[in-house]
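Enquirer: following is a predicted model, sequence given first.
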Amino acid sequence: MEAGAGDGARALLRILRDLPGGLRAEELLAPHTTFRIGGRAFALYEPPTEDALAEAVVRARSHGFPWRMLGGGSKLLIPDRGFPGLVLSTAGLRSWHEEGEFLRVGAGVPLARVARRGAWALAGIPGTVGGAVAMNAGTRHGSIAEQVVWVQALLPTGRVHTFSPAECGFTYRDSLFRRLRLPVLAVGLRLQPCQDLAPFLRERAKSQPLGLPSAGCVFRNPPDGRSAGWLIDQCGLKGARIGDAVVSEHHANFICNLGHARASDVLELVDRVQDTVVSEFGVWLKLELEVVGE
Ligand SMILES: Cc1cc2nc3c(=O)[nH]c(=O)nc-3n(C[C@H](O)[C@H](O)[C@H](O)COP(=O)(O)OP(=O)(O)OC[C@H]3O[C@@H](n4cnc5c(N)ncnc54)[C@H](O)[C@@H]3O)c2cc1C
(Lines give C-alpha, C1' and ligand atoms only; values in the text may rest on other atoms or scores of the structure.)
Protein backbone atom coordinates (compact mmCIF):
# COMPACT_ATOMS: atom_id res chain seq x y z
CA MET A 1 0.00 0.00 0.00
CA GLU A 2 1.36 3.41 -0.91
CA ALA A 3 1.83 6.36 1.44
CA GLY A 4 -1.51 8.02 2.19
CA ALA A 5 -3.44 4.77 1.79
CA GLY A 6 -4.36 4.76 5.46
CA ASP A 7 -6.02 8.18 5.07
CA GLY A 8 -7.93 6.99 2.01
CA ALA A 9 -9.08 3.84 3.80
CA ARG A 10 -10.19 5.83 6.86
CA ALA A 11 -12.08 8.34 4.73
CA LEU A 12 -13.91 5.53 2.90
CA LEU A 13 -14.81 3.85 6.20
CA ARG A 14 -16.24 7.16 7.42
CA ILE A 15 -18.48 7.68 4.40
CA LEU A 16 -19.70 4.06 4.18
CA ARG A 17 -19.83 2.88 7.79
CA ASP A 18 -23.61 3.29 8.24
CA LEU A 19 -24.34 1.02 5.27
CA PRO A 20 -25.34 -2.62 5.92
CA GLY A 21 -22.98 -5.49 5.04
CA GLY A 22 -19.26 -6.15 5.27
CA LEU A 23 -16.79 -3.27 4.91
CA ARG A 24 -13.07 -4.01 5.23
CA ALA A 25 -10.26 -1.46 5.12
CA GLU A 26 -6.97 -2.10 3.31
CA GLU A 27 -8.16 -5.44 2.03
CA LEU A 28 -5.66 -7.62 0.15
CA LEU A 29 -7.21 -8.30 -3.26
CA ALA A 30 -5.08 -11.28 -4.40
CA PRO A 31 -7.32 -13.82 -2.59
CA HIS A 32 -10.37 -12.30 -4.32
CA THR A 33 -8.98 -13.18 -7.78
CA THR A 34 -8.39 -16.49 -9.56
CA PHE A 35 -4.86 -15.25 -10.51
CA ARG A 36 -4.03 -14.87 -6.78
CA ILE A 37 -2.12 -11.67 -7.62
CA GLY A 38 -2.45 -8.08 -6.49
CA GLY A 39 -2.10 -5.58 -3.66
CA ARG A 40 -4.60 -3.94 -1.36
CA ALA A 41 -7.66 -1.76 -1.97
CA PHE A 42 -8.39 1.22 0.27
CA ALA A 43 -11.58 -0.67 1.13
CA LEU A 44 -13.69 -3.61 0.01
CA TYR A 45 -17.44 -3.42 0.53
CA GLU A 46 -19.84 -6.35 0.18
CA PRO A 47 -23.36 -4.87 -0.01
CA PRO A 48 -26.16 -7.26 0.98
CA THR A 49 -28.71 -5.56 -1.30
CA GLU A 50 -28.85 -3.82 -4.67
CA ASP A 51 -29.93 -0.59 -2.91
CA ALA A 52 -26.84 -0.67 -0.65
CA LEU A 53 -24.59 -1.18 -3.67
CA ALA A 54 -26.21 1.75 -5.46
CA GLU A 55 -25.82 3.96 -2.38
CA ALA A 56 -22.13 3.04 -1.97
CA VAL A 57 -21.42 3.93 -5.61
CA VAL A 58 -23.22 7.26 -5.28
CA ARG A 59 -21.23 8.11 -2.11
CA ALA A 60 -17.84 7.00 -3.54
CA ARG A 61 -18.53 9.06 -6.64
CA SER A 62 -19.62 12.17 -4.77
CA HIS A 63 -16.45 12.02 -2.58
CA GLY A 64 -14.24 11.54 -5.65
CA PHE A 65 -13.02 8.01 -4.83
CA PRO A 66 -12.27 5.63 -7.69
CA TRP A 67 -14.42 2.52 -7.39
CA ARG A 68 -14.53 -0.81 -9.14
CA MET A 69 -16.93 -3.77 -9.43
CA LEU A 70 -15.63 -7.19 -8.43
CA GLY A 71 -17.41 -10.42 -9.27
CA GLY A 72 -15.45 -13.65 -9.09
CA GLY A 73 -12.20 -11.88 -9.99
CA SER A 74 -11.60 -14.40 -12.79
CA LYS A 75 -10.74 -11.87 -15.50
CA LEU A 76 -8.72 -9.40 -13.45
CA LEU A 77 -5.08 -8.54 -12.95
CA ILE A 78 -4.73 -6.33 -9.88
CA PRO A 79 -1.50 -4.28 -9.82
CA ASP A 80 1.07 -5.03 -7.12
CA ARG A 81 0.49 -1.55 -5.69
CA GLY A 82 -3.22 -2.38 -5.27
CA PHE A 83 -6.21 -0.16 -5.98
CA PRO A 84 -6.44 3.31 -4.40
CA GLY A 85 -10.20 3.29 -3.98
CA LEU A 86 -13.31 1.25 -3.23
CA VAL A 87 -13.83 -2.28 -4.52
CA LEU A 88 -17.48 -3.38 -4.54
CA SER A 89 -17.96 -7.12 -4.31
CA THR A 90 -21.23 -8.61 -5.56
CA ALA A 91 -20.80 -11.72 -3.37
CA GLY A 92 -23.88 -10.75 -1.31
CA LEU A 93 -26.23 -10.29 -4.30
CA ARG A 94 -27.46 -13.82 -4.77
CA SER A 95 -31.22 -13.54 -5.30
CA TRP A 96 -32.74 -16.28 -7.47
CA HIS A 97 -36.31 -16.33 -8.87
CA GLU A 98 -37.55 -18.76 -11.50
CA GLU A 99 -40.70 -18.47 -13.56
CA GLY A 100 -41.05 -21.15 -16.21
CA GLU A 101 -38.22 -20.77 -18.65
CA PHE A 102 -37.19 -17.38 -17.18
CA LEU A 103 -34.71 -16.79 -14.41
CA ARG A 104 -34.04 -13.54 -12.52
CA VAL A 105 -30.74 -13.62 -10.66
CA GLY A 106 -28.65 -11.21 -8.63
CA ALA A 107 -25.31 -10.17 -10.13
CA GLY A 108 -23.30 -12.18 -7.59
CA VAL A 109 -24.84 -15.57 -8.37
CA PRO A 110 -22.09 -17.98 -9.50
CA LEU A 111 -22.29 -18.56 -13.25
CA ALA A 112 -21.75 -22.29 -12.68
CA ARG A 113 -25.10 -22.48 -10.87
CA VAL A 114 -26.92 -20.84 -13.80
CA ALA A 115 -25.07 -23.07 -16.29
CA ARG A 116 -26.31 -26.16 -14.43
CA ARG A 117 -29.89 -24.84 -14.37
CA GLY A 118 -30.05 -24.10 -18.11
CA ALA A 119 -27.10 -22.36 -19.76
CA TRP A 120 -24.93 -25.28 -20.85
CA ALA A 121 -22.89 -23.18 -23.32
CA LEU A 122 -21.44 -21.34 -20.30
CA ALA A 123 -20.50 -24.47 -18.36
CA GLY A 124 -17.03 -24.33 -16.85
CA ILE A 125 -16.62 -20.54 -16.99
CA PRO A 126 -15.73 -19.29 -13.50
CA GLY A 127 -17.07 -16.10 -11.93
CA THR A 128 -20.47 -14.50 -11.45
CA VAL A 129 -23.46 -13.65 -13.60
CA GLY A 130 -22.68 -9.90 -13.34
CA GLY A 131 -19.10 -10.45 -14.47
CA ALA A 132 -20.27 -12.72 -17.29
CA VAL A 133 -22.68 -10.05 -18.55
CA ALA A 134 -20.00 -7.33 -18.30
CA MET A 135 -17.54 -9.53 -20.23
CA ASN A 136 -20.16 -11.19 -22.47
CA ALA A 137 -18.57 -14.45 -21.40
CA GLY A 138 -18.95 -17.47 -23.60
CA THR A 139 -17.48 -20.51 -25.21
CA ARG A 140 -17.45 -21.74 -28.78
CA HIS A 141 -20.98 -23.02 -28.06
CA GLY A 142 -22.40 -19.54 -27.39
CA SER A 143 -22.22 -16.51 -25.12
CA ILE A 144 -24.39 -15.16 -22.31
CA ALA A 145 -25.73 -12.40 -24.62
CA GLU A 146 -27.80 -15.06 -26.38
CA GLN A 147 -29.74 -15.83 -23.17
CA VAL A 148 -30.10 -12.33 -21.71
CA VAL A 149 -33.69 -11.03 -21.63
CA TRP A 150 -32.91 -7.86 -19.66
CA VAL A 151 -30.18 -6.41 -17.44
CA GLN A 152 -30.76 -4.06 -14.51
CA ALA A 153 -27.84 -1.71 -14.04
CA LEU A 154 -27.03 1.50 -12.25
CA LEU A 155 -26.71 4.65 -14.35
CA PRO A 156 -24.18 7.37 -13.46
CA THR A 157 -27.14 9.46 -12.22
CA GLY A 158 -27.79 6.86 -9.50
CA ARG A 159 -30.99 5.69 -11.22
CA VAL A 160 -31.55 1.99 -12.01
CA HIS A 161 -32.33 1.26 -15.66
CA THR A 162 -33.57 -1.97 -17.20
CA PHE A 163 -31.66 -2.57 -20.45
CA SER A 164 -33.12 -4.62 -23.28
CA PRO A 165 -30.67 -7.02 -25.01
CA ALA A 166 -30.30 -4.53 -27.89
CA GLU A 167 -29.30 -1.78 -25.41
CA CYS A 168 -26.59 -3.90 -23.75
CA GLY A 169 -24.05 -3.24 -26.51
CA PHE A 170 -22.78 -6.82 -26.47
CA THR A 171 -19.75 -7.50 -28.65
CA TYR A 172 -17.08 -10.22 -28.52
CA ARG A 173 -16.17 -10.53 -24.78
CA ASP A 174 -17.40 -7.03 -24.08
CA SER A 175 -20.52 -5.02 -23.26
CA LEU A 176 -21.75 -1.52 -22.56
CA PHE A 177 -21.59 -2.29 -18.81
CA ARG A 178 -17.84 -2.92 -18.94
CA ARG A 179 -17.10 -0.07 -21.35
CA LEU A 180 -19.07 2.52 -19.34
CA ARG A 181 -18.44 0.88 -15.93
CA LEU A 182 -22.15 0.53 -15.17
CA PRO A 183 -22.74 -1.80 -12.19
CA VAL A 184 -24.96 -4.73 -13.13
CA LEU A 185 -27.40 -5.42 -10.30
CA ALA A 186 -29.60 -8.22 -11.64
CA VAL A 187 -30.10 -10.15 -14.85
CA GLY A 188 -33.08 -11.83 -16.53
CA LEU A 189 -32.16 -14.92 -18.52
CA ARG A 190 -34.01 -17.34 -20.76
CA LEU A 191 -33.17 -20.89 -19.70
CA GLN A 192 -32.34 -23.67 -22.14
CA PRO A 193 -33.49 -27.25 -21.59
CA CYS A 194 -31.08 -28.95 -19.14
CA GLN A 195 -28.25 -31.02 -20.57
CA ASP A 196 -25.55 -33.27 -19.22
CA LEU A 197 -22.66 -30.85 -18.63
CA ALA A 198 -20.03 -33.55 -18.13
CA PRO A 199 -18.91 -33.65 -21.82
CA PHE A 200 -18.42 -29.86 -21.90
CA LEU A 201 -16.52 -29.86 -18.63
CA ARG A 202 -14.32 -32.74 -19.84
CA GLU A 203 -13.59 -30.85 -23.08
CA ARG A 204 -12.51 -27.77 -21.08
CA ALA A 205 -10.40 -29.75 -18.64
CA LYS A 206 -8.48 -31.14 -21.62
CA SER A 207 -7.88 -27.77 -23.27
CA GLN A 208 -7.27 -25.44 -20.29
CA PRO A 209 -4.63 -25.41 -17.52
CA LEU A 210 -7.13 -25.66 -14.68
CA GLY A 211 -4.60 -26.76 -12.05
CA LEU A 212 -2.81 -23.40 -11.78
CA PRO A 213 -4.08 -19.91 -10.92
CA SER A 214 -4.83 -17.82 -14.03
CA ALA A 215 -7.35 -15.34 -15.38
CA GLY A 216 -8.42 -17.30 -18.43
CA CYS A 217 -7.44 -16.18 -21.93
CA VAL A 218 -5.06 -13.23 -21.78
CA PHE A 219 -5.48 -11.98 -25.37
CA ARG A 220 -8.47 -11.50 -27.66
CA ASN A 221 -8.50 -13.55 -30.83
CA PRO A 222 -7.58 -11.28 -33.77
CA PRO A 223 -10.33 -10.57 -36.31
CA ASP A 224 -8.51 -12.50 -39.09
CA GLY A 225 -9.83 -15.86 -37.80
CA ARG A 226 -6.56 -17.14 -36.33
CA SER A 227 -6.60 -17.77 -32.59
CA ALA A 228 -4.31 -15.83 -30.26
CA GLY A 229 -3.23 -19.14 -28.68
CA TRP A 230 -2.17 -20.56 -32.06
CA LEU A 231 -0.12 -17.45 -32.91
CA ILE A 232 1.63 -17.52 -29.52
CA ASP A 233 2.32 -21.24 -29.87
CA GLN A 234 3.77 -20.75 -33.38
CA CYS A 235 6.21 -18.21 -31.91
CA GLY A 236 7.54 -20.92 -29.58
CA LEU A 237 6.42 -19.01 -26.50
CA LYS A 238 4.86 -21.88 -24.55
CA GLY A 239 6.80 -22.15 -21.30
CA ALA A 240 8.21 -18.57 -21.57
CA ARG A 241 8.60 -17.38 -18.00
CA ILE A 242 9.23 -14.19 -16.06
CA GLY A 243 9.43 -14.64 -12.30
CA ASP A 244 6.61 -17.01 -11.45
CA ALA A 245 4.45 -15.97 -14.44
CA VAL A 246 4.56 -18.51 -17.27
CA VAL A 247 2.90 -18.96 -20.67
CA SER A 248 1.01 -22.22 -20.21
CA GLU A 249 2.38 -25.32 -21.97
CA HIS A 250 -1.23 -26.53 -22.05
CA HIS A 251 -2.88 -23.52 -23.73
CA ALA A 252 -0.66 -20.73 -25.06
CA ASN A 253 -3.27 -18.00 -24.47
CA PHE A 254 -3.13 -18.61 -20.70
CA ILE A 255 -0.53 -17.08 -18.40
CA CYS A 256 -0.36 -19.01 -15.13
CA ASN A 257 0.89 -18.12 -11.69
CA LEU A 258 3.39 -20.75 -10.53
CA GLY A 259 3.11 -19.54 -6.94
CA HIS A 260 4.52 -16.09 -6.29
CA ALA A 261 3.97 -14.23 -9.58
CA ARG A 262 3.69 -10.48 -9.34
CA ALA A 263 1.50 -8.34 -11.57
CA SER A 264 4.69 -6.78 -12.94
CA ASP A 265 5.92 -10.26 -14.03
CA VAL A 266 2.64 -10.90 -15.86
CA LEU A 267 2.76 -7.51 -17.59
CA GLU A 268 6.36 -8.02 -18.68
CA LEU A 269 5.42 -11.41 -20.10
CA VAL A 270 2.42 -9.84 -21.87
CA ASP A 271 4.82 -7.30 -23.49
CA ARG A 272 7.16 -10.07 -24.59
CA VAL A 273 4.30 -12.05 -26.17
CA GLN A 274 2.89 -8.98 -27.95
CA ASP A 275 6.33 -7.94 -29.27
CA THR A 276 7.17 -11.44 -30.50
CA VAL A 277 3.81 -12.05 -32.20
CA VAL A 278 3.83 -8.65 -33.93
CA SER A 279 7.35 -9.15 -35.26
CA GLU A 280 6.63 -12.74 -36.46
CA PHE A 281 3.08 -12.29 -37.79
CA GLY A 282 2.41 -8.54 -37.94
CA VAL A 283 -0.56 -9.01 -35.58
CA TRP A 284 -0.88 -6.89 -32.42
CA LEU A 285 -2.65 -9.01 -29.80
CA LYS A 286 -5.11 -6.96 -27.75
CA LEU A 287 -5.65 -7.76 -24.09
CA GLU A 288 -8.75 -9.65 -23.00
CA LEU A 289 -7.38 -9.76 -19.45
CA GLU A 290 -8.49 -6.68 -17.57
CA VAL A 291 -5.68 -4.81 -15.83
CA VAL A 292 -7.31 -2.84 -13.01
CA GLY A 293 -6.40 0.82 -13.11
CA GLU A 294 -5.45 0.86 -16.81
C1 LIG B 1 -9.66 -21.02 -15.80
C2 LIG B 1 -10.48 -19.93 -16.45
C3 LIG B 1 -11.22 -20.23 -17.58
C4 LIG B 1 -11.98 -19.23 -18.23
N5 LIG B 1 -12.70 -19.56 -19.33
C6 LIG B 1 -13.46 -18.62 -19.93
C7 LIG B 1 -14.25 -18.95 -21.09
O8 LIG B 1 -14.28 -20.08 -21.55
N9 LIG B 1 -14.99 -17.96 -21.65
C10 LIG B 1 -15.00 -16.69 -21.16
O11 LIG B 1 -15.71 -15.84 -21.70
N12 LIG B 1 -14.26 -16.35 -20.08
C13 LIG B 1 -13.50 -17.28 -19.45
N14 LIG B 1 -12.75 -16.94 -18.36
C15 LIG B 1 -12.72 -15.54 -17.89
C16 LIG B 1 -13.76 -15.18 -16.82
O17 LIG B 1 -14.12 -16.32 -16.07
C18 LIG B 1 -15.02 -14.56 -17.42
O19 LIG B 1 -14.72 -13.38 -18.13
C20 LIG B 1 -16.07 -14.26 -16.32
O21 LIG B 1 -17.30 -14.01 -16.93
C22 LIG B 1 -15.69 -13.07 -15.45
O23 LIG B 1 -16.62 -13.03 -14.39
P24 LIG B 1 -16.20 -12.53 -12.94
O25 LIG B 1 -17.43 -12.50 -12.10
O26 LIG B 1 -15.07 -13.33 -12.42
O27 LIG B 1 -15.74 -11.05 -13.28
P28 LIG B 1 -14.51 -10.24 -12.66
O29 LIG B 1 -13.23 -10.88 -13.07
O30 LIG B 1 -14.72 -9.99 -11.22
O31 LIG B 1 -14.68 -8.87 -13.46
C32 LIG B 1 -14.49 -8.82 -14.86
C33 LIG B 1 -15.01 -7.46 -15.36
O34 LIG B 1 -16.40 -7.39 -15.12
C35 LIG B 1 -16.68 -6.28 -14.26
N36 LIG B 1 -17.78 -6.69 -13.38
C37 LIG B 1 -17.82 -7.73 -12.52
N38 LIG B 1 -19.02 -7.78 -11.93
C39 LIG B 1 -19.74 -6.73 -12.42
C40 LIG B 1 -21.04 -6.22 -12.19
N41 LIG B 1 -21.89 -6.79 -11.33
N42 LIG B 1 -21.42 -5.11 -12.87
C43 LIG B 1 -20.61 -4.51 -13.77
N44 LIG B 1 -19.36 -4.94 -14.01
C45 LIG B 1 -18.94 -6.05 -13.35
C46 LIG B 1 -15.38 -6.01 -13.51
O47 LIG B 1 -15.31 -4.68 -13.03
C48 LIG B 1 -14.40 -6.27 -14.62
O49 LIG B 1 -14.42 -5.17 -15.51
C50 LIG B 1 -11.99 -17.91 -17.71
C51 LIG B 1 -11.24 -17.62 -16.55
C52 LIG B 1 -10.49 -18.61 -15.93
C53 LIG B 1 -9.72 -18.27 -14.68
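Expert: Cool, the structure landed.

Enquirer: what does the average pLDDT come to for stretch 202-216?
Expert: Here stretch 202-216 scores 93 as its mean pLDDT.

Enquirer: same question for stretch 6-13.
Expert: Stretch 6-13 shows a mean pLDDT of 91.

Enquirer: same check on stretch 225-233?
Expert: 96.

Enquirer: is the ligand contacted by it?
Expert: No. For stretch 225-233, no contact with the ligand is found by C-beta under 6 Å from any ligand atom; the gap never falls below 12.0 Å. The C-beta positions use only the backbone N, C-alpha and C, and glycine is treated the same way.

Enquirer: and the contacts of that stretch?
Expert: Applying C-beta atoms under 8 Å, 6 or more residues apart in numbering, the contact partners of stretch 225-233 are 217-222, 238, 247, 251-253, 273, 277, 280-281, 283, 285.

Enquirer: and if you look at stretch 75-84?
Expert: Residues from elsewhere that reach stretch 75-84, judged by C-beta under 8 Å, 6+ apart: 1-2, 5, 8, 29-30, 33, 35, 37-42, 66, 68, 70, 127, 131, 135, 215-216, 262-264, 266-267, 288-293.

Enquirer: which positions in that stretch come out as buried?
Expert: By 16 or more other C-beta atoms under 10 Å, the buried positions in stretch 75-84 come out as 75-79, 82-84.

Enquirer: picking that back up, inside helices: which ones of the contacts of stretch 75-84?
Expert: Within those, residues falling in helices by DSSP state H are 5, 8, 131, 135, 263-264, 266-267.

Enquirer: the contacts of stretch 225-233 in strands, which ones?
Expert: Taking DSSP state E, the ones among the contacts of stretch 225-233 that sit in strands are V247.

Enquirer: for PyMOL, what selects the buried ones among the contacts of stretch 225-233?
Expert: A single PyMOL command selects the buried members of these (16+ other C-beta under 10 Å):
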select buried, resi 217+218+219+220+221+222+238+247+251+252+253+273+277+281+283+285
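
Enquirer: same list, the contacts of stretch 75-84, but only the ones touching the ligand.
Expert: Contacts with the ligand within these, counted by C-beta under 6 Å from any ligand atom: 68, 70, 127, 131, 135, 215-216, 290.

Enquirer: which two in those residues are spaced the farthest apart?
Expert: R68 and G216 (18.4 Å; C-beta to C-beta).

Enquirer: need the contact list for F163.
Expert: 150-153, 176 are the contacts of F163 under C-beta under 8 Å, 6+ apart.

Enquirer: and what of L93?
Expert: If you count contacts by C-beta under 8 Å, 6+ apart, L93 has them with 47-50, 53, 106-109, 130, 185-186.

Enquirer: 10 Å - rerun?
Expert: For L93, the contacting residues are 46-50, 52-53, 71, 105-109, 128-130, 183-186, by C-beta atoms under 10 Å, 6 or more residues apart in numbering.

Enquirer: what about it, which SS state?
Expert: With DSSP: H, G, I helix; E, B strand; the rest coil as the basis, L93 sits in coil.

Enquirer: about what we covered before: okay, the buried residues of stretch 75-84 in TSV with distance to the ligand, pLDDT and secondary structure next?
Expert: Converted to TSV, these look like this (distance: C-beta to the nearest ligand atom, whole Å; pLDDT from 0 to 100; DSSP: H, G, I helix; E, B strand; the rest coil):
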residue	distance to the ligand	pLDDT	secondary structure
K75	4	98	coil
L76	4	98	strand
L77	10	98	strand
I78	10	98	coil
P79	14	98	coil
G82	15	97	coil
F83	11	97	strand
P84	16	95	strand
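
Enquirer: which residues of the stretch 51-200 of the chain lie near the ligand?
Expert: Within reach of the ligand by C-beta under 6 Å from any ligand atom, the stretch 51-200 of the chain has these residues: 68-76, 90, 107, 125-128, 130-132, 134-135, 137-139, 173, 177-178, 183-184.
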